[in-house]
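S.K.: sequence plus the predicted model coming up.
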Amino acid sequence: MDIYQADMQLNAARHLRWMPDRIEINSEGVRIEGWALTLWDHPEQVRFLINGQDFTQVEWPLNSPDIVAHFDTLPNTKASRFRCWQPLEPDQSPYENGFIRFNVTGQFGEHRKSYRTAWFISDPALEVAVPSAVRRERVIGTNHLEFFKLGGATTLNRIEQLLLDRFDRSLSSFTSVLDWGCGAGRLARYLPRLSSAVTGVDIDPDNILGCTETIPSARFQQIDLYPPMPFAAASFDLVIGISVLTHLKEPVQNAWLEELQRIVAPGGLVLLSIQGMAQSALYRSSSAQRLAVQREGILYVGKNPQLDQVIDATEYYVDVIQSHDYVMAKWSEYFDVLDIVEAMAGNQDLVAMRRR
Ligand SMILES: C[S@@+](CC[C@H](N)C(=O)[O-])C[C@H]1O[C@@H](n2cnc3c(N)ncnc32)[C@H](O)[C@@H]1O
């Protein structure tokens, strides 16, 4: 057995645990399909929850030849697909505070940390206009609309729960929130529901235009490829940057970490995502690549062409993977690195930091 593959796949089983790949909601009910990885639980012990309650109908475990290809070292992956159905009463809304929360858990159901594996979708009545397929694809590599909305709503709701869990604070308690590298507004489209002081910035002028047109309750600004940003020192008390540093080379990362340090107020929080083991398992990274990440600390994977049409610097946007040890040691030069939470930002790991 290749223990490096097993290590990546076990990480995904523990922290990512499951993913939905089809969700349908209409006046009759809610249907969800996906896959779940189980290490210890007997199939009968696995629970499928909608807003914390068991689904009425569950088909599980179903055959899943596609999942075996990703997680061949784990048990039970030949039958890890599920299909659930929850009928709705006439006039019953499945949305609580504007979102539905789905979860797959062991026999004891949800607990204090369960938000880390929950997936959320928004009430369509509260959605703002969606960005074009081209704009979406530039930031997540696929134009799949439901996946775009699911990823944004999920990451943002998990961040809200993390802030409550770790800092006893909600998003609404921050006076000035920066969505650094907001892209097509995947998170920013939901952020104003939870915070009244949202600024989104990006180097992509076309996506900034799209966000400005569709998300009126936040302000958006295009920024340059290199610091500084047009903000005074200590302007923000929370910065969220999802999958931004994963695309910058080490010297550029460091320049931006220094700039984030400048614009964050003392005591302010910075939440940045990195590619961790769970995402490596999903991407079927080779053991050699993962070993190189662990040994080098930071690995330059290659150029990423997704921004070629919108920025005039084709070598700027790249793919980078870094280890937890590297982040803990190197990013501490700029912030107190408090924690790295696996697979919390969609399927990336989230680094929680505080400005000294
Ligand atoms: C993978 S996308 C993620 C977008 C968004 N955060 C999300 O989660 O949907 C990365 C984004 O970072 C932006 N970006 C890259 N370098 C940046 C920088 N130095 N400052 C701000 N944004 C940057 C890109 O234009 C792109 O929109």
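M.R.: It's in.
S.K.: and the residue lying closest to Ala233 once chain neighbours are set aside, helix, strand or coil?
M.R.: Excluding the flanking residues, the one nearest Ala233 by CB to CB, 6 or more residues apart in numbering is Arg262, at 5.3 Å. (Glycine included, C-beta is placed from N, CA and C.) Secondary structure assignment for Arg262 (DSSP: H, G, I helix; E, B strand; the rest coil): helix.
S.K.: pretty sure Ile67 sits against Thr38.
M.R.: No. Ile67 is beyond contact range of Thr38, at 11.5 Å (criterion: CB atoms under 8 Å).
S.K.: for the residue nearest to Ala233, what are its contacts?
M.R.: By CB atoms under 8 Å, 6 or more residues apart in numbering, the contact set of Arg262 is Pro227, Pro228, Ala233, Ala234.
S.K.: other residues contacting the helix-or-strand element of the chain with minimal mean pLDDT?
M.R.: Least confident helix or strand, the chain: helix 65-70 with a mean of 92, by mean pLDDT, DSSP states H and E. With CB under 8 Å, 6+ apart as the test, helix 65-70 has contacts from Gln9, Trp35, Leu37, Thr77, Lys78, Ser80, Arg81, Ala281, Leu282, Arg284.
S.K.: now restrict those residues to buried residues only.
M.R.: For the contacts of helix 65-70, a burial check counting by 16 or more other CB atoms under 10 Å picks out Gln9, Trp35, Leu37, Thr77, Ser80, Arg81, Ala281, Leu282.
S.K.: other SSEs contacting whichever strand or helix holds the second one?
M.R.: Following DSSP states H and E, one finds Trp35 within strand 29-36. Strand 29-36 sits against strand 18-26, strand 47-50, strand 81-87, strand 99-105, with contacts defined as 3 or more CB pairs under 8 Å, 6 or more residues apart in numbering; DSSP states H and E.
S.K.: deepest-packed of those, please.
M.R.: strand 99-105 (a mean of 23; mean count of other CB atoms under 10 Å).
S.K.: C-terminal to it, what's the next element?
M.R.: The element immediately downstream of strand 99-105 (helix or strand, assigned by DSSP H and E) is strand 119-122.
S.K.: what does the helix or strand following that next one rub up against?
M.R.: For strand 119-122, the following helix or strand on the C-terminal side (DSSP H and E) is helix 133-140. Contacting residues not belonging to helix 133-140 are listed as 130, 142-145, 147-148, 151, 183-184, 186, 204, 206-207, 210, 306-307, 309-310 [CB under 8 Å, 6+ apart].
S.K.: so how far is helix 133-140 off the chain centroid?
M.R.: 16 Å (CA atoms, centre = their mean, to the nearest Å).
S.K.: for it, buried residues please.
M.R.: Buried positions in helix 133-140, judged by neighbour count with 16+ other CB under 10 Å: Arg135, Arg136, Glu137, Arg138, Val139, Ile140.
S.K.: follow-up on the earlier one: so can I have TSV of the contacts of Arg262 showing secondary structure?
M.R.: Below are the contacts of Arg262 laid out as TSV (three-state DSSP):
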residue	secondary structure
Pro227	coil
Pro228	coil
Ala233	coil
Ala234	coil
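S.K.: buried ones among the residues you listed?
M.R.: For the contacts of Arg262, a neighbour count by 16+ other CB under 10 Å gives an empty buried set.
S.K.: wait, which of those is closest to the ligand?
M.R.: For the contacts of Arg262, the residue nearest the ligand by CB to the nearest ligand atom is Pro227; the value is 8.1 Å.
S.K.: which residues does that closest one contact?
M.R.: Taking CB under 8 Å, 6+ apart, we find Pro227 in contact with Ala255, Trp256, Glu258, Glu259, Arg262.
S.K.: the host helix or strand of the first one near the ligand anywhere?
M.R.: Right, the one you point to is Ala255. Taking DSSP H and E as the definition, one finds Ala255 inside helix 250-263. Yes. Using CB under 6 Å from any ligand atom, helix 250-263 comes into contact with the ligand via Trp256.
S.K.: distance between that helix and the chain's centre?
M.R.: 21 Å.
S.K.: can you check stretch 91-100 too?
M.R.: Using CA atoms, centre = their mean, the offset of stretch 91-100 from its chain centre is 22 Å.
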